[in-house]
Each structure stands twice: as structure tokens, then as C-alpha cells.
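Participant: What follows is a protein structure lacking sequence information:
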């Protein structure tokens, strides 16, 4: 398939090059040959015109006292003394009174050059005569006596030798054109090769990547469109490698996270499943641990299912007009006991007249719980623990800000924390999909989600949701 593609592109390039060159050469050949023809015919016309004007002027000056017929009888040689061309003298009716080569043509009243000469202008005609198979040029000019036209002088010159000269020059031009086409044809083969070869290498690299070798890279030789395509292919391979690495780390992390609660559940199940019932307090502790670890497993599986649905586009949000204070009250109720238990000061800052927002309140609750859970999880033990939830209006958005004074995020990790499967360096990092889910949900609300953080100082998370238009 690759060879067929390569041949096809190379063939098309050569054909296109050749078509352009042949069309260009043919156009130039036509122009040049027409120019040569016009040049040669123009010279013949100019020579005949000069000669016939001299003869006519000579007649008007020295022979105008006699009639045309008398002058033909007495001074006929005067009319062809100035030229080597065939000479005809014609009266005003078109009757040929004299022909220097004695043709049988008796009347030329319909000839276009004669009609022009009768009207006082110089006339020209090019064509084939009855007595010669070569083309001829006829120039006619009026003969005047005392200012009046009394007849027409006509010079006829064969174009046989002129046409041969034109043909020779045209043949030379055609030969040069053929040589140019052949040279360009050879050059186009090399030019097409310079285009096809990089594409061939690019295709081979892409095939290796498709077969699973993502370490291979295409070498860029020229910074053109193919070079940019090469850069894009290499960048794509690097991104796939990163995603593959993140996926493997994610699978490893999830496997570890699942193994821990399963081990605890299995261990306590074996402990409790004995012939003799264990003490009541031990049984209660075991069942409590089994319950908590089961909840933990359920939460993890729920999160994975949510992530899968969001990524595949199978989740749709149900927007409704929501008073943001409802969300605050729910979060306060939900997270309050945990803040007391873990000795974290939870600060809520908002105005009572907060605007309504068009959103899926359950999904936004999920986002806030996830972000607050991260804030609790990454607190530092050597300082007073504080988390602030601030809500305020900013232009056409309502902003939800979660600020903590926890351990913070390293600068190089910050751009990656919302990426799918990304698991931070901290031992408290889990499966790396929590913030990805938050990001997807906020995007579905046409909102914005960004994070600012400094190590050992804390983290600020900002969620911007569009307000109702009538607020």
C-alpha cells in the first residue's frame, strides 16, 4: 500500500510538473512563431509598400499627361524597374491591363486590396493564386493623374522563401522547446523524489508507531509543511507515551487502592468466620472496619464509573435555576463533622444576596466535595489547619474559591494536576482522576476551573460558573 501510494504521489507530481511545463512551452512557442511570422511578413510588406509608393509617385510626376493605356504601351518598363515582384496595372473597373508575368487573370475587381486602392488607400492581400501553389502577398496602390485616381498599381510577391524561413525558425524553436521539456522532465523526477522521500520516511515512522514502537522519532530535514508534520507526529508520539505512562500508573494506583480495603475486608471476614464467636467489642470493630472499607470501595468504583461516563460523553447535566446558598448549606452540613473531627477550621464567606446560577446542583456538589476532600487530605500537621470557602460575583460569573494553607503543589506539577490519570508525587495522591472529573463537569457548565498553589503555603482553587442572564 505504501509503495502504491508513493508511486501514485510521485507519478502525479511528475505529470503535474510536465503538464505545466508543456503548456508553458507551447504557449511561448505559439507566441514566438506568431512573432516571427509577423516580423517576416511585415518586412515583405514594408519593402513592397516602399517600392510601390516610389513607382506611383514617379508615375504621377512624369507620366500623368498621357492616359494609362498610352503609358503602358510606351513606358511599361517604368512600373517594374523598382521591384523584382510581379507587377499588375489595373484600371478602375478591375480589368488587368498589364501583368509582368503574363497570367490569365483578366479582372480582379473583387480583390480586397484593389478595392482599398481604388478608394485612395494602400491595400494588402495574402493568399494563394490560381497560377502558384505558394502563398503570395499583394500590395495595391492608386495611380493618380492631376490629383485624380486613374488606375491601380499592384505588386505581388511570392512568400515561398519567407514561409521556408519561418518554418526553419519555428523548427528551431520547437527543437529548443522539446529539449526544455526533456530537461524539465528529468528535473521533475528529482524534484518529486525530494518531496516523496520525506513522506516515505514519515509513513515508515508512523507505521512503526502504529505497531507499538512509540520510542521511534522522525528526523526533520527541512522546516516546511512536511517538517511541521514531522514535528506534529513526534509530538503526538511523546504525548501518547506520557498518556500511556499515566495510564499504567493509574492502573497500578487503582490496583493498590482496591487491594488495601479488600485485604482488610477479607482479613476481618476470616477472623469473624470462626467456630467460636469472637468477643463482642472485637466483632463490632471488625464489622465497623468492613463497613468503612466497603464504603471506600463503593466510592472508588463510583468515581471510576463517573470518570468513564464523562470521558465517553454518556453523562448529561440537568441544569436548573439554583440559589447558590443551597449548595453552601449542603456543604456546611456535609463537611462540618469532618472539620471538627480533624480539627480543621472551616470558614464560609459569602453575601446573602448571591445570584441564581443555571447549573446541575448535584454535579457541582460533587465538584466541591472532591476539592474540599483534597484540601483536607493535604493539610500539614505542624500548623493550624484552615480551609476557606468563598463565593462572590465577578462580572457575568459567580466564583467559588476554595483556599487552604496545606502543603501546596510543586510548580512543575501544577499544570498537570487536572490531566487524566495524573498522580502526584505525594504519598497521599490516589488514582489521579478526581480533578479530571471536576474539570469535565465544569466544562459542561461552560465554566472555568483553575488552580494556584505554592509549596508549604497553600492552594487556591477557583471555579467560575456563568450567571443567569436575567440576574
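Facilitator: Yes, it's here. Predicted model, so just to flag it, every value in this text is computed and none were measured. Numbering: from 1, shown residues only.
Participant: Test for you: state the pLDDT assigned to residue 11.
Facilitator: Residue 11 is assigned a pLDDT of 76 by the prediction.
Participant: Within the helices and strands, which one has it?
Facilitator: Per DSSP states H and E, residue 11 falls inside helix 2-62.
Participant: Please apply the same query to residue 170.
Facilitator: Under DSSP H and E, the secondary-structure element containing residue 170 is helix 160-210.
Participant: Okay, angle between that helix and helix 2-62 too, please.
Facilitator: 160 degrees (axes from the mean of the first three to the mean of the last three C-alpha atoms, to 10 degrees).
Participant: If you count contacts, what does helix 160-210 end up packed against?
Facilitator: In this structure, helix 160-210 packs against helix 2-62, helix 225-272, with contacts taken as 3 or more C-beta pairs under 8 Å, 6 or more residues apart in numbering; DSSP states H and E. In short, each C-beta sits where N, CA and C put it, glycine included.
Participant: among those, which is nearest residue 99?
Facilitator: Nearest of the helices and strands packed on helix 160-210 to residue 99, taken as C-beta to C-beta: helix 2-62 at 15.2 Å.
Participant: Compute the distance from the centre of the helix holding residue 170 to the centre of its chain.
Facilitator: Its chain's C-alpha centre and that of helix 160-210 lie 27 Å apart, by C-alpha atoms, centre = their mean, to the nearest Å.
Participant: swap in stretch 130-141?
Facilitator: Distance, stretch centre to chain centre, for stretch 130-141: 61 Å (C-alpha atoms, centre = their mean).
Participant: Next, the residues that contact it from outside, please.
Facilitator: For stretch 130-141, contacts defined as C-beta atoms under 8 Å, 6 or more residues apart in numbering pick out 41, 44-45, 48-49, 52-53, 56, 90, 103-105, 111, 113-114, 116-117, 122-129, 152-160, 163.
Participant: per-domain residue ranges of this protein.
Facilitator: Domains of the chain are assigned by automatic domain parsing as 2-164, 225-312, 320-466.
Participant: Tabulate the ones you listed in CSV, adding columns for mean neighbour count and distance to residue 200.
Facilitator: Shown next, in CSV, are these (neighbours: other C-beta atoms under 10 Å; distance: least, C-beta to C-beta, whole Å):
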stretch, mean neighbour count, distance to residue 200
domain 2-164, 16, 5
domain 225-312, 13, 11
domain 320-466, 17, 35
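Participant: between those domains, which gets the lowest average pLDDT?
Facilitator: Of all the domains of the chain, the minimum mean pLDDT falls on domain 225-312 (a mean of 72).
Participant: Tell me which helix or strand comes right after the helix or strand where residue 302 lies.
Facilitator: Using DSSP H and E, residue 302 sits within helix 280-312. On the C-terminal side of helix 280-312, the nearest following helix or strand under DSSP H and E is strand 320-323.
Participant: Give me the sheet partners of that next one and which way each runs.
Facilitator: When pairing is defined by DSSP bridges, strand 320-323 lines up against strand 356-359 (antiparallel).
Participant: what's next to the helix or strand that the strand it pairs with is followed by, contact-wise?
Facilitator: Using DSSP H and E, the helix or strand that directly follows strand 356-359 along the chain is helix 361-377. Helix 361-377 is contacted from outside by 306, 317-318, 320, 322, 326-327, 330-331, 334-335, 338-339, 342, 344, 387, 389, 400, 402, 404, 406, 428, 434-435, 437-438, 441-442, 444-445, 459, 461, 463, 465, using C-beta under 8 Å, 6+ apart.
Participant: coming back round to it: can you put the domains of the chain in TSV and add distance to residue 181?
Facilitator: As requested, the domains of the chain are exported to TSV (distance: least, C-beta to C-beta, whole Å):
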stretch	distance to residue 181
domain 2-164	6
domain 225-312	28
domain 320-466	57
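Participant: in the stretch 351-471 of the chain, which spans are strands?
Facilitator: All strands of the stretch 351-471 of the chain, identified by DSSP state E, counting those that start in this stretch, fall at 356-359, 385-394, 397-404, 448-454, 458-466.
Participant: quick one, which of these is nearest to residue 269?
Facilitator: Shortest distance between residue 269 and the strands of the stretch 351-471 of the chain, using C-beta to C-beta, is found for strand 385-394: 35.6 Å.
Participant: Tell me what angle that closest one forms with strand 397-404.
Facilitator: Using the same axes, to 10 degrees: strand 385-394 against strand 397-404 is 170 degrees.
Participant: got a list of what the closest residue to residue 401 other than its chain neighbours touches?
Facilitator: Leaving aside its sequence neighbours, residue 401 sits nearest to residue 390 (C-beta to C-beta, 6 or more residues apart in numbering; 4.3 Å). Neighbour list for residue 390: 349, 350, 399, 400, 401, 402, 403 [criterion: C-beta under 8 Å, 6+ apart].
Participant: Enumerate the beta-bridge partners assigned to the third one.
Facilitator: With DSSP bridges applied, the residues forming beta bridges to residue 399 are residue 392, residue 464.
Participant: and it, what does it touch?
Facilitator: Residue 399 makes contact with 390, 391, 392, 393, 462, 463, 464, according to C-beta under 8 Å, 6+ apart.
Participant: Repeat the analysis, applying 7 Å as the threshold.
Facilitator: Residue 399 makes contacts with 392, 462, 464, as judged by C-beta atoms under 7 Å, 6 or more residues apart in numbering.
Participant: And for residue 83?
Facilitator: Residues near residue 83 by C-beta under 7 Å, 6+ apart: 51, 155.
Participant: The one 3 residues further on too?
Facilitator: Residue 86 makes contacts with 100, 101, 156, as judged by C-beta under 7 Å, 6+ apart.
Participant: Relative to residue 190, how far out is the nearest residue to residue 180 once chain neighbours are set aside?
Facilitator: Excluding the flanking residues, the one nearest residue 180 by C-beta to C-beta, 6+ apart is residue 25, at 5.7 Å. With distances taken as C-beta to C-beta, to the nearest Å, residue 25 is found 19 Å from residue 190.
Participant: residue nearest the centroid of this protein?
Facilitator: residue 225 (9.8 Å; C-alpha atoms, centre = their mean).
Participant: Tell me how many other residues surround residue 190.
Facilitator: Neighbour count of residue 190, defined by other C-beta atoms under 10 Å: 8.
Participant: where does it land on pLDDT?
Facilitator: Listed pLDDT for residue 190 reads 78.
Participant: Now do the same contact list for it.
Facilitator: Residue 190 makes contact with no residue, according to C-beta under 7 Å, 6+ apart.
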